[in-house]
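> my questions concern the predicted model and sequence given below.
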Amino acid sequence: MSPAPTMPDHPVDVRLVAVDMDGTLIGPDGRVPEGFWPLLEAMTKRGIVVVPASGRQYATLRALFGEAASQMGFIAENGTLVAYRDEVLATDTLAPEAATDLIGAARAAARERDLGAVLCGVRSAWIERTDARFHDEVAIYYRRLETVDDLLAVDDEALKISVYDVDSSAQAEPFFAPFRETHQVAVSGPHWIDVMNSGVHKGAGLERLRTRLGLEREQCVAFGDYHNDLQLLDAAGYSFAMADGHPDVLARARYIAPPSAEAGVVTVLEQLLA
């Protein structure tokens, strides 16, 4: 099988750019590349909707993009919340009994592994594990974060349950595999697992936003690097996997972008928009 090409060989009518954050737009240094900010301004002036698509919380994403966020779309919490121009268009929440079962599964797994659960609510994210190592890692992705004694006592609708495993999400995944029959279980990175309602993912979020804006699939460009980006790439006419992404994503995407460490998203967008 020959490798995917790096760029389209024809002009692209770009109207929407959906981009995963960690490992895609954000490189190993934990920062958005400086070259992205003037591109964001230029795209907004041209009427191109820029859409961060992430497992991160909506409040976290919105704060990262500052004043520009008011003109952007967001696919947050791995697709369980979709927003556009400061309006939340849709949320998809877990049934209370499902959230209870997932918290129980995380607690059981924690007896064997070094992990903790995050109840990702509509109002805030909630944790019951309190050590600094876990809290500080979770706080990177959840700007609104509260610590409680018991996750089962939280009064909030759960968009998803996220699990952070200090060592390996792949090794923790078997504890949550039984939920695949009824829910979407996404390995979101080397240490993260997200569980949400079946059929809910970044790709469904992109479809919802694209339809709202009256755009065609071929007017959408998407970038991703990990398993939770697969449906996002499928939903866009022009899909780019980061060269340093997971092999499954590289095999699925239509094109290959330079690595995130080399600001690959910026490089591709500069060429597409030239």
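Sure thing, it's come through.

> quick check, pLDDT for the closest residue in space to Ala241 that isn't next to it in sequence.
Distances taken as CB to CB, 6 or more residues apart in numbering place Ala253 nearest to Ala241, at 3.5 Å, with adjacent residues excluded. Backbone N, C-alpha and C define where each C-beta goes, glycine included. With respect to pLDDT, Ala253 has a value of 96.

> any idea how far Glu67 is from Ala253?
32 Å (CB to CB, to the nearest Å).

> neighbour count winner among the two?
Taking other CB atoms under 10 Å, Ala253 and Glu67 do not tie; Ala253 has more neighbours (25 against 6).

> circling back: is it true that the residue nearest to Ala241 touches Ala243?
No: contact criterion CB atoms under 8 Å: Ala253 and Ala243 do not qualify, at 10.3 Å.

> can you point out the buried residues in the longest helix seen in the chain?
Longest helix in the chain, counting residues (DSSP state H): helix 96-110. The neighbour-count check on helix 96-110 (16 or more other CB atoms under 10 Å) flags 98-99, 101-103, 105-106, 109-110 as buried.

> tell me the mean pLDDT over that helix?
Per-residue scores along helix 96-110 average to 97.

> helices or strands up against that helix?
Counting contacts by 3 or more CB pairs under 8 Å, 6 or more residues apart in numbering; DSSP states H and E, helix 96-110 is packed against strand 115-121, strand 158-165.

> if you set the cut-off to 10 Å instead, what comes out?
If you count contacts as 3 or more CB pairs under 10 Å, 6 or more residues apart in numbering; DSSP states H and E, helix 96-110 packs onto strand 115-121, strand 158-165, helix 169-172, strand 183-187, strand 192-197.

> what strands line up against the lowest-mean-pLDDT helix or strand in the chain, and which way round?
Among the helical and strand segments of the chain, the one scoring lowest on mean pLDDT, DSSP states H and E is strand 183-187, with a mean of 91. Strand pairing for strand 183-187, using DSSP bridges, gives strand 192-197 (antiparallel).

> what angle do helix 96-110 and the partner strand make with each other?
Using axes from the mean of the first three to the mean of the last three CA atoms, to 10 degrees, the direction of strand 192-197 lies 160 degrees away from that of helix 96-110.

> name the residues of the following helix or strand past strand 192-197 that are buried.
Following strand 192-197 in sequence order, the next helix or strand is helix 202-213 (DSSP states H and E). Using 16+ other CB under 10 Å as the test for burial, helix 202-213 gives 202-210.

> for stretch 26-36, same thing?
Within stretch 26-36, judged by 16+ other CB under 10 Å, the buried ones are 26-27, 32-33, 36.

> just give me the residue right at the centre of the chain.
Taking CA atoms, centre = their mean, the centroid of the chain lies closest to Ser54, which sits 1.8 Å from it.

> quick one: contacts for Tyr164?
106, 114-118, 127, 129, 133-134, 137-138, 141, 172, 188-189, 191-193 (CB atoms under 10 Å, 6 or more residues apart in numbering).

> quick one on the thing from earlier: shared neighbours of Ala253 and Ala243, which are they?
Asp225.

> and stretch 163-172, average pLDDT?
So the average pLDDT for stretch 163-172 ends up being 95.

> including distance to Ser260, could the helices and strands packed on helix 96-110 go into a markdown table?
Formatted as a markdown table, the helices and strands packed on helix 96-110 follow (distance: least, CB to CB, whole Å):
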| stretch | distance to Ser260 |
| --- | --- |
| strand 115-121 | 24 |
| strand 158-165 | 21 |
| helix 169-172 | 18 |
| strand 183-187 | 18 |
| strand 192-197 | 16 |
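
> now do Arg144: how many residues are near it, please.
Neighbours of Arg144 (other CB under 10 Å): 14.

> now the spatially closest residue to it that is not a sequence neighbour: how far from Tyr84?
Distances taken as CB to CB, 6+ apart place Ser124 nearest to Arg144, at 4.3 Å, with adjacent residues excluded. Ser124 is 22 Å from Tyr84, where distance means CB to CB.
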